[in-house]
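Student: using only what follows, build the 3D model:
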Amino acid sequence: MKIGTLEILALLLIAFSVVKLAVMSVSPRSWLMFARRIYARPKVTSVAAFLLAAIVLYFLVKSGITIIHILAVSLFIVLLMVTGMASYGDRLVDWALQLDVKELWKEFWLYTLIWIALLIWGIQAVFFP
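Tutor: Residues are numbered from 1 along each chain as shown. Below is the predicted model:
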């Protein structure tokens, strides 16, 4: 059995998920306190997550996966997340309606540009291979 880049990435997710599920089943409060520490410094968390995402994207593309595959898997993950979050939809929409849209655009400009770049890359790959 050969363990390559994709297998290592998958094993990282599996290991993290197993630890999270184990801790959540024994002591949900402990996991939430851990999460609070991670999100206590949102700028650091955001930069670290972005850098990790860029590294993962690099290794995915280097292993031969196309942006089309990545976007298709992203759709799958988004749909799983919607499944889990659907029961909180009303609260999420109420919370979002309280926010200043102009401030949100200022805060999420980089994230939005990254998504736009990925979408353009996907469009290019589908229509102009």
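Student: OK, contacts around the residue positioned nearest the centre of the chain?
Tutor: By Cα atoms, centre = their mean, the chain has its centre lying nearest to residue 53, at 7.9 Å. Residues near residue 53 by Cβ atoms under 8 Å, 6 or more residues apart in numbering: none. The C-beta positions use only the backbone N, C-alpha and C, and glycine is treated the same way.
Student: only alpha carbons, please: show the strand or helix carrying it as PDB.
Tutor: Element membership for residue 53, per DSSP states H and E: helix 42-62. C-alpha atoms of helix 42-62 as PDB (Å, rounded to 0.1, in the frame of the first residue of the first chain):
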ATOM      1  CA  PRO A  42      -9.400  35.600  14.700                       C
ATOM      2  CA  LYS A  43      -6.700  37.400  12.600                       C
ATOM      3  CA  VAL A  44      -4.100  34.800  13.600                       C
ATOM      4  CA  THR A  45      -6.600  31.900  13.100                       C
ATOM      5  CA  SER A  46      -7.600  33.300   9.700                       C
ATOM      6  CA  VAL A  47      -4.000  33.800   8.400                       C
ATOM      7  CA  ALA A  48      -3.100  30.300   9.700                       C
ATOM      8  CA  ALA A  49      -6.100  28.700   8.100                       C
ATOM      9  CA  PHE A  50      -5.500  30.600   4.800                       C
ATOM     10  CA  LEU A  51      -1.900  29.400   4.700                       C
ATOM     11  CA  LEU A  52      -2.900  25.800   5.400                       C
ATOM     12  CA  ALA A  53      -5.600  26.000   2.700                       C
ATOM     13  CA  ALA A  54      -3.000  27.300   0.200                       C
ATOM     14  CA  ILE A  55      -0.600  24.500   1.100                       C
ATOM     15  CA  VAL A  56      -3.400  21.900   0.700                       C
ATOM     16  CA  LEU A  57      -4.500  23.400  -2.600                       C
ATOM     17  CA  TYR A  58      -0.900  23.300  -3.800                       C
ATOM     18  CA  PHE A  59      -0.500  19.600  -2.900                       C
ATOM     19  CA  LEU A  60      -3.900  18.800  -4.400                       C
ATOM     20  CA  VAL A  61      -3.100  20.400  -7.700                       C
ATOM     21  CA  LYS A  62       0.500  19.000  -7.700                       C
END
